[in-house]
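Engineer: Sequence first, then the predicted structure, then my questions.
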Amino acid sequence: AQTVTQSQPEMSVQEAETVTLSCTYDTSENNYYLFWYKQPPSRQMILVIRQEAYKQQNATENRFSVNFQKAAKSFSLKISDSQLGDTAMYFCAFMKPRWDDDMRFGAGTRLTVKP
Amino acid sequence: DSGVTQTPKHLITATGQRVTLRCSPRSGDLSVYWYQQSLDQGLQFLIHYYNGEERAKGNILERFSAQQFPDLHSELNLSSLELGDSALYFCASSAGQGARGYGYTFGSGTRLTVV
């Protein structure tokens, strides 16, 4: 079974600074997909960024980027120029290519951006 | 608006009762997934339907059941409710096999409170 571990239950960062959230996963698969979802106080789950395991290039979406280390099974999220609106729970998620398999989530990291 | 519609947004009911949560997937999406999120915890996969057929089951209690109708909307039925069933229930949708890498689109959730 695939497991996703987020070892930082809570983190904080000053506005405009950079923060990195950690995620590790366990799988025997060679091809798979990884995601970071954001859950603000509204509770809506919002896709932040995604990475395909067979692509070595790290994904980037504006201020959000990932550091994907396939051999280490690590998938960290870097938020640059943190904004107050980035305050949220962040969930790392793993999914196999099998189309009838579900997405597995980590326990989440609560990020607070301080003014 | 994500395109995934969940109703009701909030539900308060007594122990022992039965409730039905409803989800309409994003237009064109054939897969519907149900997740449970207990207070400040990660998302636990319950069940997946694809085009009307059950595809996978997760940690779904026997008191819970679901179905997907010909118009692709889905219902999650929770019966003999207990206090511990209080949670946020998410529905998510995806296009299916060809769209695995794009992740899921989540609804805004139904907050169930059992008193």
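Structural biologist: Done, it's in.
Engineer: quick one: the strands in the chain?
Structural biologist: You didn't say which chain, so I picked chain A. For chain A, strands defined by DSSP state E occupy the ranges A:3-5, A:10-14, A:19-21, A:24-26, A:33-39, A:46-52, A:60-61, A:64-69, A:74-79, A:88-95, A:104-105, A:109-114.
Engineer: my bad, chain B
Structural biologist: Counting by DSSP E, chain B has strands at residues B:5-7, B:10-13, B:19-24, B:31-37, B:43-50, B:53-57, B:64-68, B:74-78, B:87-94, B:105-106, B:110-114.
Engineer: Now tabulate those in JSON lines and tack on mean neighbour count and mean pLDDT.
Structural biologist: In short, each C-beta sits where N, CA and C put it, glycine included. Formatted as JSON lines, the strands of chain B follow (neighbours: other C-beta atoms under 10 Å in any protein chain shown; pLDDT from 0 to 100):
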{"stretch": "strand B:5-7", "mean neighbour count": "17", "mean pLDDT": "97"}
{"stretch": "strand B:10-13", "mean neighbour count": "14", "mean pLDDT": "97"}
{"stretch": "strand B:19-24", "mean neighbour count": "19", "mean pLDDT": "98"}
{"stretch": "strand B:31-37", "mean neighbour count": "25", "mean pLDDT": "95"}
{"stretch": "strand B:43-50", "mean neighbour count": "22", "mean pLDDT": "93"}
{"stretch": "strand B:53-57", "mean neighbour count": "14", "mean pLDDT": "91"}
{"stretch": "strand B:64-68", "mean neighbour count": "19", "mean pLDDT": "97"}
{"stretch": "strand B:74-78", "mean neighbour count": "20", "mean pLDDT": "98"}
{"stretch": "strand B:87-94", "mean neighbour count": "24", "mean pLDDT": "95"}
{"stretch": "strand B:105-106", "mean neighbour count": "22", "mean pLDDT": "94"}
{"stretch": "strand B:110-114", "mean neighbour count": "18", "mean pLDDT": "97"}
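Engineer: Can you lay out the ones you listed as CSV showing distance to A:Tyr90?
Structural biologist: Shown next, in CSV, are the strands of chain B (distance: least, C-beta to C-beta, whole Å):
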stretch, distance to A:Tyr90
strand B:5-7, 22
strand B:10-13, 25
strand B:19-24, 24
strand B:31-37, 14
strand B:43-50, 13
strand B:53-57, 25
strand B:64-68, 28
strand B:74-78, 26
strand B:87-94, 16
strand B:105-106, 14
strand B:110-114, 21
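Engineer: near chain B, which residues of chain A show up?
Structural biologist: A:33, A:35, A:37, A:42-47, A:50, A:52, A:91, A:93, A:95, A:97, A:99-108 (C-beta under 8 Å from any C-beta of the partner chain).
Engineer: If we use 7 Å, what do you get?
Structural biologist: For chain A, the contact set with chain B under C-beta under 7 Å from any C-beta of the partner chain comprises A:33, A:35, A:43-45, A:47, A:50, A:52, A:91, A:95, A:97, A:99-103, A:105-108.
Engineer: right, and B:Val114 touches B:Ser80 too?
Structural biologist: No - the criterion here is C-beta atoms under 7 Å, and B:Val114 misses it with B:Ser80 at 10.5 Å.
Engineer: Who are the contact partners of the residue positioned nearest the centre of chain B?
Structural biologist: Closest to where the C-alpha atoms of chain B average out (C-alpha atoms, centre = their mean) is B:Trp34, at 3.1 Å. Applying C-beta atoms under 7 Å, 6 or more residues apart in numbering or on different chains, we find B:Trp34 in contact with B:Leu46, B:Ile47, B:Ala66, B:Leu76, B:Tyr89, B:Cys91.
Engineer: Thanks again, I'm all set now.
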